[in-house]
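S.K.: requesting a structural model of the entry that follows:
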Amino acid sequence: LDENFKIVDSLDISQKGWVMLDKTPLYAESGGQCGDKGELKCRAKVIDTKKFFGLNLSRIEVTSSIKVGINVDVIVDISRGEIAKHHSATHLLHSVLYDVLGDRISQAGSLVEANRLRFDFSHPKALTHDERVEIEQKDNDLVMRGIEQETKVMNIEDAKKSGAKAQFGEKYGDEVRVVSIGDSVEFCGGTHVQNTGDIGSFYITKESGVSAGVRRIEAVCGYSAYLYAKKFILEIKELEVEVKNKNIKTGVLKL
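M.R.: Predicted coordinates:
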């Protein structure tokens, strides 16, 4: 398909369009997880991957000519690993919220990208400082415990009986994929780490209200968590210089 979704037999250099591959390792945007990027080796950059009417299509920018019927090698972008970390961290967060706030909460949406996660849930009021600290601490505890992830394909009725939670807004067929990470058991077709230790660390960056009775947590893990922590360390160093004191609190009190 060309950029206007018109069916074509080929695309030339610098053209953009969509291709459907007979077999593909590229994950199409679904269940809150963003679509994969990558490369059709020596032929095109894969900018995004989405589902249209159940079909997995990749948006490409052509670097060489490409046409119907040829064989291509597909390379998934390295960002897939960071996306998997944020997706598994989202499952852990969902489980921890039940633990801290009670089973009255329910998922109201999510977004998983390579550099962040976002999780919406039903809750009547803003989190307290202590609740936020507890949630972040429990998430990091699960990360440090190095829990193995387990995936099973199950009959949907058996999956429901197992207590697996369904993804918000998703439709399911007769068989479903169930991802288990410790106490977290959810219907999910997305990509995940094999062990929670791969997540690295988890920081809540923001907690806010989305609408009446719905709260939102934004967080980072993996490499993004490293950058987040590094930013704070650099800011502290800058403050030490500004207040001319290694003890920032003492320096501020003097001012």
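S.K.: only C-alpha atoms from now on, for both contacts and neighbour counts.
M.R.: Fine.
S.K.: give me the low-pLDDT residue ranges for the stretch 1-150 of the chain?
M.R.: Applying pLDDT under 70 to the stretch 1-150 of the chain flags no residue at all.
S.K.: what about the strands in it?
M.R.: Listed in chain order, the strands of the stretch 1-150 of the chain (DSSP state E, counting those that start in this stretch) span 10-11, 16-19, 38-40, 44-52, 55-62, 66-67, 74-76, 107-112, 117-122, 149-155.
S.K.: the fourth one packs against which elements?
M.R.: Where contact means 3 or more C-alpha pairs under 8 Å, 6 or more residues apart in numbering; DSSP states H and E, strand 44-52 is packed against strand 38-40, strand 55-62.
S.K.: what's the closest of these to Asp139?
M.R.: Of all those, strand 38-40 sits nearest to Asp139, with 30.4 Å by C-alpha to C-alpha.
S.K.: flag every buried residue along that closest one.
M.R.: 38-40 (16 or more other C-alpha atoms under 10 Å).
S.K.: got the CA positions of stretch 110-123 in CSV?
M.R.: Taking Å, rounded to 0.1, in the frame of the first residue of the first chain, the C-alpha atoms of stretch 110-123 are listed here in CSV:
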residue,chain,number,x,y,z
SER,A,110,-2.4,1.8,29.5
LEU,A,111,0.5,2.8,27.2
VAL,A,112,3.8,1.0,26.9
GLU,A,113,6.7,2.6,25.0
ALA,A,114,10.5,2.1,24.9
ASN,A,115,11.1,5.1,27.2
ARG,A,116,8.1,5.1,29.6
LEU,A,117,4.9,3.5,30.7
ARG,A,118,1.5,5.0,31.6
PHE,A,119,-1.2,3.2,33.6
ASP,A,120,-4.8,4.5,34.2
PHE,A,121,-6.9,3.0,37.0
SER,A,122,-10.1,3.6,38.9
HIS,A,123,-9.5,5.3,42.2
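S.K.: and the contacts of that stretch?
M.R.: 31-34, 79-84, 86-87, 90, 105-109, 210, 213-221, 223-224 (C-alpha atoms under 8 Å, 6 or more residues apart in numbering).
S.K.: buried among those residues? Make that a PyMOL selection.
M.R.: Filtering the contacts of stretch 110-123 down to the buried ones (16+ other C-alpha under 10 Å) takes a single PyMOL command:
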select buried, resi 31+32+33+34+80+81+82+83+84+86+87+90+106+107+109+214+215+216+217+218+219+220+221+223+224
